[in-house]
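Peer 1: Show me how the following folds:
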Amino acid sequence: MNIKQFTQQHREEWNNLEQLISTLQKNNRSRTGSQHIHEFHRTYQKVAQHLSYSQTNFPSADVTFYLNGLVAKAHNLLYRDQLSSWKQIKYFFSTKFVHLLFDQWKFVLVAMLLFTLGAIGSFFAVMQDELSLYTVLPAELAKAFDPTQVGAAEGTVNAPVMSAEIMVNNIQVAILAFAGGITFGLLTVYILIYNGIIIGAIAALFWHYGNSYEFWAYIVPHGIVELTAIFIAGGAGLLMGYRLFAPGDYSRAYQLKENAKRSVQLLLGTIPLFVIAGVIEGYITPAGISLEAKYAIALITTVGLILYALIGKALILKREQSNQS
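Peer 2: Just a heads-up that it's a prediction; the model follows:
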């Protein structure tokens, strides 16, 4: 690409950033809608990439000096009046994360469907033949479950240690599902299907022994939150993989940089969910309470997640309406 083609292709985005800088300089940030702020962030990141490209290929050209000044103005505006750390965290989890989640909901849905596909397939395989468990799962994992001893460890586990171990394990799975995006999403697909296979096969094993009600009572209290977080992390990996597979008008390297940032934010947003799931699995799941109470906790977590998403969406709409007025 020569300098003329480069300028013609991106001039509109540079003009857009100049207009956004002017708008944000005139208006107080608290009075500026989230749509403008999100657009400013996205455009600033794109133009910063253009500057990097221009510095590499046209180091002495006027366009490079122009972009350097434009990016510097945007950077100064971005960090001129940064919010306090607490307000930044509050904004991220109340608005930014939910905004990203609704933007990428299709990838999260695909992640859930892949997991479900693996779970349904293994469930019916083991349901038809219990010995298929040893075909579907590694032998050591298959032997680790005893359907006749469900709930036997109630009250005997070291809850803090168990909670910490579970959190670390789940976060590792999420990171792998996210990082799998760099393999064009193939590793992410494998992780989602494989984890679904594990759950489906074990569920079928307990079904054979007539302990499905008990089994799910020990799974769903933490599982609702835990699986939601894994689906979001998996969706982040699938998003990155899709952009690498179909980069559109930009290079794969550029798409990787851009979508990795967005995917990392989705991954970071799941950390509180994993903490909540770990606490429930470490303290409540093994507790000596009734099965009905465990199902009630699962219902509470489901309602809580729905309310969180709805409240976050309402805040986004409120900001957008404020901006329009």
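
Peer 1: Where does pLDDT dip in the stretch 51-200 of the chain?
Peer 2: Residues of the stretch 51-200 of the chain meeting the criterion pLDDT under 70: 78-85, 149-167.

Peer 1: Can you list the buried residues in the host helix or strand of Ser263?
Peer 2: Per DSSP states H and E, Ser263 falls inside helix 252-269. Residues 254-256, 258-260, 262-263, 265-267, 269 are the ones in helix 252-269 that count as buried (16 or more other CB atoms under 10 Å). Using the backbone N, CA and C atoms, a C-beta is placed for each residue, glycine as well.

Peer 1: Tabulate the residues you listed (a markdown table), appending pLDDT and distance to Gly304.
Peer 2: Output for these, formatted as a markdown table (pLDDT from 0 to 100; distance: CB to CB, whole Å):
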| residue | pLDDT | distance to Gly304 |
| --- | --- | --- |
| Tyr254 | 74 | 38 |
| Gln255 | 76 | 35 |
| Leu256 | 79 | 34 |
| Glu258 | 74 | 32 |
| Asn259 | 77 | 29 |
| Ala260 | 80 | 30 |
| Arg262 | 81 | 25 |
| Ser263 | 84 | 25 |
| Gln265 | 88 | 21 |
| Leu266 | 88 | 19 |
| Leu267 | 88 | 21 |
| Gly269 | 91 | 15 |
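
Peer 1: Can you tell me which of those residues lies closest to Ser132?
Peer 2: Nearest to Ser132, judged by CB to CB, of these is Leu267 at 34.1 Å.

Peer 1: What's the separation between the closest residue to the closest one other than its chain neighbours and Ile120?
Peer 2: Leaving aside its sequence neighbours, Leu267 sits nearest to Phe178 (CB to CB, 6 or more residues apart in numbering; 4.8 Å). The gap separating Phe178 from Ile120 is 24 Å, by CB to CB, to the nearest Å.

Peer 1: If you count surrounding residues, which of these two has more?
Peer 2: Phe178 (28 against 13; other CB atoms under 10 Å).

Peer 1: which ones are touching that one?
Peer 2: 188, 233-234, 236-237, 240, 263-264, 266-267 (CB atoms under 8 Å, 6 or more residues apart in numbering).

Peer 1: and if you look at Gly118?
Peer 2: So Gly118 contacts 192-197, 200 (CB under 8 Å, 6+ apart).

Peer 1: and the helix or strand hosting it, which residues are buried?
Peer 2: Assigned by DSSP H and E, Gly118 belongs to helix 105-128. Within helix 105-128, the residues that qualify as buried are 107-108, 110-112, 114-119, 121-123, 125-127, counting by 16+ other CB under 10 Å.

Peer 1: Before I go, just wanted to say thanks for your time.
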